[in-house]
Structure formats: structure tokens, C-alpha cells
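**Student:** Prediction below, plus the sequence it came from.
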Amino acid sequence: MIKKLTDYIKVLDTKDDTTPRSKQLFGLSALYNTPNEIIEAAAVVAGKGYEKFDVYSPYPLHGMDDAMGMKSSKVGYVSFTLGITGTFLALLMIWWMSSIDYPNIIGGKPFFSLPPSIPITFEVTILLTGIATVLGMLILFNKLPKINSPLNDTVFMRNVTSDKFGIVIKTEDDKFVENDVKNLYLSTGAYDVQPIYFRESNLEKKTPLFDKKFIGALIGTAIITAIFTYLTLNIVLYDVVPFDWMWNQDRIDSQSKSDFFQNKAGMRPPVKGTVARGFLPYEYQGMPDSSVKSLANPLAMNKKVLERGQDRFNIYCSPCHGYFGEGDGRLKGQFPKPPSLHSEKLIGWQDGNIYHVITNGQNVMPSYAEQVSSDDRWAIIHYVRALQRSKNASDEDMTKAK
Amino acid sequence: MDYQKKPLPSKVGTIGYALLGIGLILTIISFMTNIQRALFDYLWMYMFLLSIGVGSLALVALEYLVGATWSTPFRRISEFLASIIPVLLILVIPLILGMHDLFHWTHKDVLANDPILQQKEPYLNTNFFIIRVAVCFIVWLVFLFLFIRNSQKQDITKDPALTKQSIKLSAVFAILFMITLSVSAIDWMMSLEYHWYSTMFGVYYFAGTLLASFAAATFCAVNLNENGYLDKRMGNNNYYSFGALMFAFTIFWAYIGFSQYMLIWYADLPEETFWFIMRMKGSWAYFSIGLVFIHFIIPFLILLPRSSKVNPKLLVIMACWILMAHAYDLYWLIMPTYFTEGFVFGWSELGVMMFAVGIIITVFRIRASKTNLVPVGDPKLNQGLNFHLN
């Protein structure tokens, strides 16, 4: 079957071009037998002042650039520009990802630092340089793809893609005179000189991108790639486990069993007397109000503390006490109404008394020691003081606020 | 082959002797005024000469090993530069005598109170150190003798079998070179801070060594050929590979240097980081940042375009630049142990460098006066002379 297929391709490959050719000349082609001849011929053609010509050979020839009088390619500038762009794009990307979008402390290093970014920067630089070089060379400098060139499918092209060397001077060259060119070719040792005519489709200025063959090839490639990708990902690789050795480690996950301990519990309770951060035990825990020696508020009053206090107050206190501490919270009617925080008694209280109530609870109010850390409790007290002052603002406060 | 041997201009000899003389006098005065500083300077100079000498020998072997043809017309230059190895055998004597001043690990009282050093003692002791130095010299001298003998015999006999023999020697030397060079780097430079270790240190010195040898060969080859001492057929395109290899090894050096730094930075272990912290102290911080620019960024950007790799004037300048950068790199590796507060560059540092350059020029001139500058009998020579870039 494979043989049949290759034979079929061979037939397609050697089939003569039957598309109709016009009478308008594209250029004059010549074929040579050896690389030395073609290099000499190219040098002569370039020496005579022809500019619109090209040389075709099955493999790269040393010395051809010089013989054709070609200047060195400018593709390096494209590579360099894109390479530098890659360097800065990579740095920008790493900086944004590691310090803005998803800051994560790894090994006690800063969120963004240069040393670990260099390898990625290097890789992106090389990637963009490589892509820029290949695409820039093919598209910008070689002007490929040339899908409907008059040279395609000619005898000339079949020869220069196997074992011959060819040259074509185009009619668009100012110096092109058919007989002169023909004599020039013959004098440099060409064994075959053939005129190449435009296809009729070339003259109609139809853009070759919409050529049926070309579109067909594109669609065919897309379908084959899609099917192949689908089969690979969904059938061949479906059951393959990606590397998971960081996930499946020899460790005890939370809430899981362990035979190591006698009670088979993987998780261990903290040592007796362990204190969580921000939850230092209150020394008057569970004692009546009368025995309390009033503590001073350890936090300084500033904007940050007040904002924290407001935030915590609105979450934990406002459901009953109301947003302004007047005892008209959202749970009005479901629970007994708490007294206003603006009473003479409360204004007269020390900060330590309020702290004691939040920590121990009072009457119906439960203890909030579990939910609100001690620093947050003190911040709430600052905020309550601010609320109280707002209800009894002096003239001086008003002028200050203005 | 119509090679006509021309003697080097007498000016070269004068410059060589002048530098050698002034350098030697300054070095001697330096030894009389401050022996420890003089020893560190001298070690710096010795490592620089070792780079050029042993590195050039490696280039000779490399050419045989990979069958390079472009470099065949220039091979004699590397052979001449490698001929400083016998001189190194004399130059190493003051270092061996001054080991007590250079290396802290030689002190008996330090060894007695340092458990880490006691663990390293089987390797890091004076006797074994001297044995290693001797073995390295034997390897280098034997291969230097064999390569030069084969190469010069071929000038007369034109026997291709000698090239084949040299290829086999090169394969052996390539392995021995890597080992001896790494050992030299570890012994002479890494052991200055005997607590510190880096598995990349040998490769780091190797990268600098080959880079410096390429630069030295470039400087001599381009200058000689431009002034008509080699062969008229060779032009700018023959220099391309020198430019490309200097460029490549500049990047290789940066790659190795960065890898060493990044791994130590990442692991952040106190027994490794202190070496870099020493090089970040005081004015050393500027020196370290300068190293990145002088040794990598500037030569990288200048040598990047193809046009600069075939420009003889630029290549000569860059070769000098890279040799200077290599000396700068070695200074950075060696000197922070002595100048702990910040780098110092005085007349005694200048003196040893003049001495080093004087030695190279003088040895080169003496060798060039007796031997053909081009290996006229080498079977690869014509291919090298007719080298085409595209």
C-alpha cells in the first residue's frame, strides 16, 4: 500500500504542468551541470549589471553570495530587535506574576529578584530571537511562500531540485534583451536555455491565496492535525498520569489515618498551653466585673487602627448593636435589644471595662474571645470611642473637621 | 606553499625585554617591602600565565581533535604561547616556598582547631599539594614536547602520519587537561578560602582559560597576518572563527559564572554564601558589578554582529580587552582574600602584570625566531588557507 502511495506521489510529482501559459515572458532560464559553472555564470551575470535574477541549486553553494554580489542579509536586525523585546517582556512578565498577580514567599526570597529570573529571561530571549529569525528570513527577506510562481512545476524546477543548477533572469530587469541574455548563457556554458512564460492566472492578478489547491491543502492540513491531536490527547495519552511525585509524597495528609501513632490519628493536638498568635489568654477570664483591674488600650489611635476597628465592629458587633452603636441592629426583634453604647455609663467606662465585656460576655451577649483577636478587640474599642465622640461632638471638633 | 620566513621586528624583542626587566625589578622590590601582598600578586600573575600557557596547549589539541582546518595556519601561534609552560615550572618555586603566607590551611594551629579543615586534610596538605603540582607539570610538559616535536618534524617530512599521531595524543590530553586544569584551579585559588567549595569552580576557570587563550591567539594571529608574516591568501574571513569563538566563550563564561552564583544564591547556605559576601564588601561590590560588564555585557554586545567578527582592527582591540577582562576576573577570584576591605591596585600589581606580559612576548619571540610561523608541512594547511565564509 505504501508503495502504491509513493508511486502515486511520484506520478503527481512528475506530471507535466497543464495550466495554460500566456505569451508574456517571465524570464529566461538556463541549466548548468556543475556548481563551478553556475558560480562563474552568476558572477558574469552580476558583472554585466543584471539585478533581477536568481540562482537555483539543490544545496547551498559556498561562494555564491559573493558571486551574485549579494549584500549580507539584514535579518540580524530583526532577530536582535525581537530578542531584546523578549528580554524585557520576560522580565516584565516574571515581575508582574511574582510580585503583583500572585505573590508567594518561596524560600524566604523576595517576591521578585533577578537571579531566578535570568534563566526564563534567557529562554524567552532565545525563543523570540529564533522565531524572529526564521519567520523574518522566510517572509520578509525571502518573500515566501511563492505559491503561484511561473517557475513552479516546470522542467527547469524539476532539474534544479534534483541534480542540476539553474539561473533565471527576469524580464523586469531593465537590461533584459532576450537574445543578449541567451548568448550570455551559452557563452558561460549553459547546456539548456528555455524561456519561461507567465501562467494566464498570473496575469489575471488573482491573488494565489484563494487558489483551490492552496485552500484545499490548508484545510486538509488542519483536519489531519485536528484528528491527530484529538486521538493523541484523548486516546493515546488519556490514561497516562502526568508526573505526580510531588503530589504523592510519603507524608500524612490532614484528617487522615496514620499507623505511626497509637490512636491512629494522623493529626496531633497542639501541646497543652499552646497559644495561637493574637489570642493571648485574658487574665480576668470568667471573673465578675467588680474584680477587674482596668487594662489600658495598648494600641495607639490612628487611621489604620480605626479602620480595622470599624471593619471588625461592622462584622461582629453591628448585627445587634447597630452600625452606630444605638442598639438598633439588624436582628432587632429576634434578640433582646442591647443598650445603646452612647449612655452616660458607657462613656464613663474605662477601655478595660469594654474589653472585659467583649472578652467575657455580659448578660445575653456571649464571649467574642474566640472570634476576635485581642488586638482587634482593642481596635474595636477605639472605634466605639470614635462613635461616642461623633454623637457628642464639640464646636471645636466641627471646626477641626472642616 | 611559497612561505617565506620573516624575522619578527626587533621592536617586539625590545618591548618584551623592557616589560620583563621593569616587571622583574618591581616584583623584586615588592617582595622586599610587603612579602604577603607580593605573593598574592605573584599568584595572580602565575594563574594568568597558566591560563595562557595551558589553554594554548589545549587549543592545539582541540584543533587536532575536531579536525579543524581554519585554524591550521594559525596553530604555530598557540604552540609558541604554550611554550611558556617550562617557564612556569621556574615561576612556581616562589609560590611553593611562600605557601605558608598564601594558604591559611597550611598553618598547624589552624588545622588543630578546625574540624571542617580536618575533614579536608587528606586532600589539602602540603605534601599532596606539591605532588599534584608536580604531576600537572609532568602532564603539560610531556604533551607540550610531543605536540611541538610532531608539528616541527612535519615541517620537514610533510608526513600525514604525524597528524594522526597527534590526534590520538589530543584525545588523551583532552581528558588530562580537564583534570589538571580543575585541580590547578581548586588548589591555587579555591583553597585560599578553604571552607568554601563550588563544584563549578574548575569549569569556571576553564571557561576563562580558553577564552583568554583564544584572545591571545587572536591578537598574535591578526597582527602577524595583517603585517604580512603569515600568508597573503588569508584575509578577514579567516579571522571569523576567532571572533565567533571569543564570542561563544564570553557567553560560556557568563553561563558558568551565573550558574555558580545562582545556585549559591538560591541555597543560601552560610558556608557557601560567605565567598560572595566577601566580594560584596566595600569597594569590592563595584568591582563585582564591573566584572559582569567588563567580562560579559560589553564584549557580548561588541562581538555580536557578524561584521565585527571579520574586522581585524576591532578583533585586536577585543582580544586585548578580553585578556584584560581575564586578568580582572582572576584578580576578583584571588585578591579578596588579601584585600578584605576593598580592592587596591598599586605599582606592585602593575609590576607583576608587566612581568607576565614580558614573559609571554619574550618566549613568543624566541620561539618565532627559530621556527616557521606557519606549519608548512601540515596536510590540512591548504584547506585552512582557502577557507571561505560563505
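**Tutor:** All right, it came through fine.
**Student:** contacts and neighbour counts: CA atoms only from here.
**Tutor:** Will do.
**Student:** From B:Ile179, how far out is B:Glu194?
**Tutor:** Residue B:194: Tyr, not Glu. Look at B:Tyr194 and B:Ile179: by C-alpha to C-alpha, to the nearest Å, they are 20 Å apart.
**Student:** And for residue 279, the neighbour number?
**Tutor:** In the absence of a named chain, this looks at chain A. Neighbours of A:Phe279 under the rule other C-alpha atoms under 10 Å in any protein chain shown: 14.
**Student:** that's the wrong chain, I wanted chain B
**Tutor:** By the criterion of other C-alpha under 10 Å, B:Arg279 has 24 neighbours.
**Student:** wait, what's in contact with it?
**Tutor:** B:Ala285, B:Ser288, B:Trp332, B:Pro336 (C-alpha atoms under 8 Å, 6 or more residues apart in numbering or on different chains).
**Student:** List the buried residues of the helix or strand of chain B with the lowest mean pLDDT.
**Tutor:** Ranking every helix and strand in chain B by mean pLDDT, DSSP states H and E puts helix B:381-385 at the bottom, with a mean of 88. The neighbour-count check on helix B:381-385 (16 or more other C-alpha atoms under 10 Å in any protein chain shown) flags B:Leu381, B:Asn382, B:Gly384, B:Leu385 as buried.
**Student:** Contact residues of chain B facing chain A?
**Tutor:** The interface of chain B toward chain A, taken as C-alpha under 8 Å from any C-alpha of the partner chain, is made up of B:Met262, B:Trp265, B:Tyr266, B:Pro305, B:His388, B:Leu389, B:Asn390.
**Student:** Filter those residues down to the buried ones.
**Tutor:** B:Met262, B:Trp265.
**Student:** what's the farthest-apart pair in the residues of chain B next to chain A?
**Tutor:** For these, the maximum inter-member distance is 46.2 Å, found between B:Tyr266 and B:His388 (C-alpha to C-alpha).
**Student:** if we can go back for a sec, quick one: which of B:Tyr194 and B:Ile179 has more around it?
**Tutor:** Per other C-alpha under 10 Å, whichever of B:Tyr194 and B:Ile179 has more neighbours is B:Tyr194, with 17 against 13.
**Student:** ok, now which ones touch the more buried one?
**Tutor:** Counting by C-alpha under 8 Å, 6+ apart, B:Tyr194 touches B:His104, B:Trp105, B:Leu117.
**Student:** can I assume B:Ile167 is in contact with B:Phe143?
**Tutor:** No - assessed by C-alpha atoms under 8 Å, B:Ile167 is found out of contact with B:Phe143, at 11.9 Å.
**Student:** Give me the common contacts of these two.
**Tutor:** If you check B:Ile167 and B:Phe143 against C-alpha under 8 Å, 6+ apart, no residue is contacted by both.
**Student:** still on that earlier bit, secondary structure, pLDDT and distance to A:Gly325 added to the contacts of B:Tyr194, as JSON lines?
**Tutor:** Shown next, in JSON lines, are the contacts of B:Tyr194 (DSSP: H, G, I helix; E, B strand; the rest coil; pLDDT from 0 to 100; distance: C-alpha to C-alpha, whole Å):
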{"residue": "B:His104", "secondary structure": "helix", "pLDDT": "92", "distance to A:Gly325": "74"}
{"residue": "B:Trp105", "secondary structure": "helix", "pLDDT": "93", "distance to A:Gly325": "75"}
{"residue": "B:Leu117", "secondary structure": "helix", "pLDDT": "92", "distance to A:Gly325": "71"}
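**Student:** Throw the residues you listed into CSV and include neighbour count, thanks.
**Tutor:** Output for the contacts of B:Tyr194, formatted as CSV (neighbours: other C-alpha atoms under 10 Å in any protein chain shown):
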residue, neighbour count
B:His104, 16
B:Trp105, 24
B:Leu117, 17
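**Student:** out of these, who's nearest chain A?
**Tutor:** Ranked by distance to chain A (C-alpha to the nearest C-alpha), those are led by B:Leu117 at 29.4 Å.
**Student:** so what's the closest one closest to, chain neighbours aside?
**Tutor:** B:Leu111 (6.1 Å; C-alpha to C-alpha, 6 or more residues apart in numbering or on different chains).
**Student:** helices or strands up against the helix or strand hosting the one you found?
**Tutor:** Assigned by DSSP states H and E, B:Leu111 falls within helix B:108-112. Judged by 3 or more C-alpha pairs under 8 Å, 6 or more residues apart in numbering or on different chains; DSSP states H and E, helix B:108-112 is in contact with helix B:115-120.
**Student:** Next secondary structure element downstream of the helix it packs on?
**Tutor:** helix B:126-157.
**Student:** Show me what the mean pLDDT comes to for the helix or strand following that next one.
**Tutor:** Proceeding N to C from helix B:126-157, the next assigned helix or strand is helix B:160-188, under DSSP H and E. Helix B:160-188 shows a mean pLDDT of 95.
**Student:** residues from chain A in reach of chain B?
**Tutor:** Checking chain A against chain B by C-alpha under 8 Å from any C-alpha, the hits are A:Leu61, A:His62, A:Gly63, A:Met64, A:Asp65, A:Asp66, A:Gly76, A:Pro115, A:Pro116.
**Student:** Among those residues, which are located in helices?
**Tutor:** A:Met64, A:Asp65, A:Asp66, A:Gly76, A:Pro115, A:Pro116 (DSSP state H).
**Student:** Among those, which one sits closest to chain B?
**Tutor:** Using C-alpha to the nearest C-alpha, these come closest to chain B at A:Pro115, 5.7 Å.
**Student:** count of neighbours near that closest one?
**Tutor:** 14.
**Student:** Look up which helix or strand the closest residue in space to it that isn't next to it in sequence falls in, please.
**Tutor:** Using C-alpha to C-alpha, 6+ apart and skipping the chain neighbours, the partner closest in space to A:Pro115 is B:Met262 (5.7 Å). In this assignment (DSSP H and E), B:Met262 forms part of helix B:240-267.
**Student:** wait, what's in contact with the residue of the stretch 1-150 of chain B found nearest chain A?
**Tutor:** At 14.9 Å from chain A, B:Trp70 is the closest residue in the stretch 1-150 of chain B, using C-alpha to the nearest C-alpha. Neighbouring residues of B:Trp70 by C-alpha under 8 Å, 6+ apart: B:Asn238, B:Ser241, B:Gln383, B:Gly384, B:Leu385, B:Phe387.
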